[in-house]
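Student: When you get a sec, could you give me coordinates for this:
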Amino acid sequence: MRLGFEIPVCRWDCHRTNPEGGLQGGTRGWWAFPGAEWHLLGFAGFLGSLAILLLGATEGIGDEGSPGLAGLPQEEIALVAALEKTITAAIARAEKSVVAIYRVPRRKPGDPWGAEVRPDPFGRQVAPFAGPRAGDPEFLPSEYGTGVIVDPRGQVLTAYHVIGEDVENYEFFVTTVDRRTFAAVPYAADPRSDLAVLSFPGEGLQPITFGDASGVRKGQIVIALGNPYAIARDGQPSASWGIISNIQRKAPPRLTGGETTGRTTLHHFGTLIQTDARLNWGTSGGALINLKGEMIGLLTSLPAVAGYEAAAGYAYPVDETFRRVVETLKQGREVEYGFLGVSPVDLANEELLRGLRGARVDRIVPGTPAELCGLRAGDVVVAINGTPIYDADGLVLEVGRLPVDARIRVDFIRDGRPGQVEAVLTKYPVRGRKIVSTPAPSWRGLRVDYLSTAIESATGLFVASLPQHGGVVVAEVQPGTGAWRAGLRPGFTIVRVEGTSVSNPRDFFQAVSQATGPVRLTVRDRPGGPLSQVTVEPD
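Tutor: You can find the predicted model right below:
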């Protein structure tokens, strides 16, 4: 009985893996490596043949004597074996950079366990401080995730939600593929991108190779490497494979205590790669790789998007924004995002039926770049820097990807007529706790920030106004310093330095950088309050 069937042949070159792991051309077929396009009929035929081969085989695909391969055409066996070799090579290349992460509650005074005993997914009881510790073969953590090495000196990238906000209540451990376990500390974390970096004293580590997710398409084969159910606690990541099911998906609204608290990350507005590769609890922070072993996404396992479907597998795409955020976190600094100052809404159905595309400006926060550049409520934004805008989420995402102080070109329609303006973005007020190891520079115990960081309400809507006179907001004052003795406190607004107006932190530090003696500042102690002057003496 013949188990196989003929596989449709496409019209482009395919490649095979040579013994050294590279690619070589010279054959034609329905399957190709990066750069080739998948033919849906050929791909379906291939998957059908692959399923039959895997179900029928009882030994390795390469074994000529395997009873499961008896009678199959050698061409089909060779094609499947080539894919198998490519997948195993990709895993071997990337898995050295994937680590298991454990979050263990710190021991509390008078509590020998440090946390309540909880069952693990396999029915056993877990007590974080009873018995073995991280790194021991019998250690079974109750809170775990995955990470990828991004620096050979000991930096691991993971998802922000893997480490959480209350990091001072936990110890963190990282186990590498060679079974070494390290105590790690949160080095930097950014809630808006849901990315974080842990640091530990490692050596001989292999950083993951970043690919480019900007060109990924549905149907592309991908491999997921992670730590599902803490099964990789010995450092050996588990692998699954599948295809990219969709792109530019939106994360569901965040739930806290059973209530929706809003859309707080960029991923709520349509960045996610969706994959059918199996992602279970604990794979968040793992690597989604392509057939070359390059990471094109950081895994996150999210709850059902619509409330009726099973939990889905997603990944944060490795694109220009991702790389900027990761590089900033590796330096231990705060990640800053651009803010235009508009509240957009989707167009009405009748407008869409007329062929209009874009996002309508519902309101503008006074004093923000949107007002200063001349945008008005009712304008329909159709493009940012030439990139088309189709709805309100698209506008939020396109602006939110950009860094603070970026100059943008805004194309809009007003009363049926096209227009264009330029704006310089201010700073987006990120919700959630930010973790930094390299804080912004200070002057005489004083740290300042953009005024826009102080205008967010508890609901996440921008309901306040920026003062028309500009200035910078006092973000932090160290007790006992010159700024503290002068009476400056967090929340004050600094409008002028020695009579010179300042509108951002860069202006402020330029104005005070050469001062060696007392410096006179014009300030407000509350929004809309009267102006007053304070003199800051040297520390």
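
Student: Looking at the chain, which strand is longest?
Tutor: strand 238-249 (DSSP state E).

Student: quick one: low-confidence parts of the stretch 401-539 of the chain?
Tutor: 456-469 (pLDDT under 70).

Student: Recalculate using a threshold of 50.
Tutor: The stretch 401-539 of the chain contains residues with pLDDT under 50 at 457-463.

Student: Run through the strands of the stretch 101-250 of the chain in chain order.
Tutor: 118-119, 125-126, 144-151, 155-159, 170-175, 181-190, 195-199, 221-226, 238-249 (DSSP state E, counting those that start in this stretch).

Student: want to throw those into TSV with mean neighbour count and mean pLDDT?
Tutor: Heads up, the C-betas are built off the backbone N, CA and C, glycines and all. Below are the strands of the stretch 101-250 of the chain laid out as TSV (neighbours: other Cβ atoms under 10 Å; pLDDT from 0 to 100):
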stretch	mean neighbour count	mean pLDDT
strand 118-119	10	43
strand 125-126	15	44
strand 144-151	25	94
strand 155-159	27	97
strand 170-175	22	92
strand 181-190	21	95
strand 195-199	25	98
strand 221-226	26	95
strand 238-249	18	93
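
Student: Of all those strands, which one comes closest to residue 434?
Tutor: Between residue 434 and the strands of the stretch 101-250 of the chain, the tightest spacing by Cβ to Cβ is seen for strand 181-190, at 6.4 Å.

Student: helices or strands next to the closest one in the packing?
Tutor: helix 160-163, strand 170-175, strand 195-199, helix 320-330 (3 or more Cβ pairs under 8 Å, 6 or more residues apart in numbering; DSSP states H and E).

Student: now these as CSV including distance to residue 519?
Tutor: Formatted as CSV, the helices and strands packed on strand 181-190 follow (distance: least, Cβ to Cβ, whole Å):
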stretch, distance to residue 519
helix 160-163, 38
strand 170-175, 42
strand 195-199, 36
helix 320-330, 30
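
Student: quick one on the thing from earlier: can you state the direction angle for the longest strand of the chain and strand 221-226?
Tutor: Computed with axes from the mean of the first three to the mean of the last three Cα atoms, to 10 degrees, the direction of strand 238-249 lies at 120 degrees from that of strand 221-226.

Student: Nearest to residue 238, out of the helices and strands packed on strand 181-190?
Tutor: Using Cβ to Cβ, the helices and strands packed on strand 181-190 put strand 170-175 closest to residue 238, at 13.5 Å.

Student: Pairing partners for the closest one, with directions?
Tutor: strand 98-105 (antiparallel), strand 181-190 (antiparallel) (DSSP bridges).

Student: remind me, longest helix of the chain?
Tutor: If you go by DSSP state H, the chain has its longest helix at helix 74-94.

Student: Where does pLDDT dip in the stretch 201-350 of the chain?
Tutor: 256-261, 304-309.

Student: Next up, phi/psi of the most centrally placed residue in the chain, please.
Tutor: The geometric centre of the chain, computed from its C-alpha atoms, lies nearest to residue 193 (Cα atoms, centre = their mean), at 4.2 Å. Torsion angles at residue 193 (phi, psi; degrees, to the nearest 10) stand at phi -100, psi -10.

Student: again, but for residue 421
Tutor: phi -140, psi 160.

Student: That one: what's it in contact with?
Tutor: Neighbouring residues of residue 421 by Cβ atoms under 8 Å, 6 or more residues apart in numbering: 373, 374, 375, 409, 410, 412.

Student: which of those residues count as buried?
Tutor: If you count burial by 16 or more other Cβ atoms under 10 Å, the buried members of the contacts of residue 421 come out as 375, 410, 412.

Student: Next, find the distance separating residue 244 from residue 222.
Tutor: Residue 244 is 6 Å from residue 222, where distance means Cβ to Cβ, to the nearest Å.

Student: shared neighbours, the two?
Tutor: Both residue 244 and residue 222 are in contact with residue 275, where contact means Cβ under 8 Å, 6+ apart.

Student: Hmm, the residue nearest to the centre of the chain is touching residue 335, no?
Tutor: Yes - the pair residue 193 and residue 335 passes the contact test of Cβ atoms under 8 Å, sitting 6.5 Å apart.

Student: list residues touching both of those two?
Tutor: Both residue 193 and residue 335 are in contact with residue 325, where contact means Cβ under 8 Å, 6+ apart.
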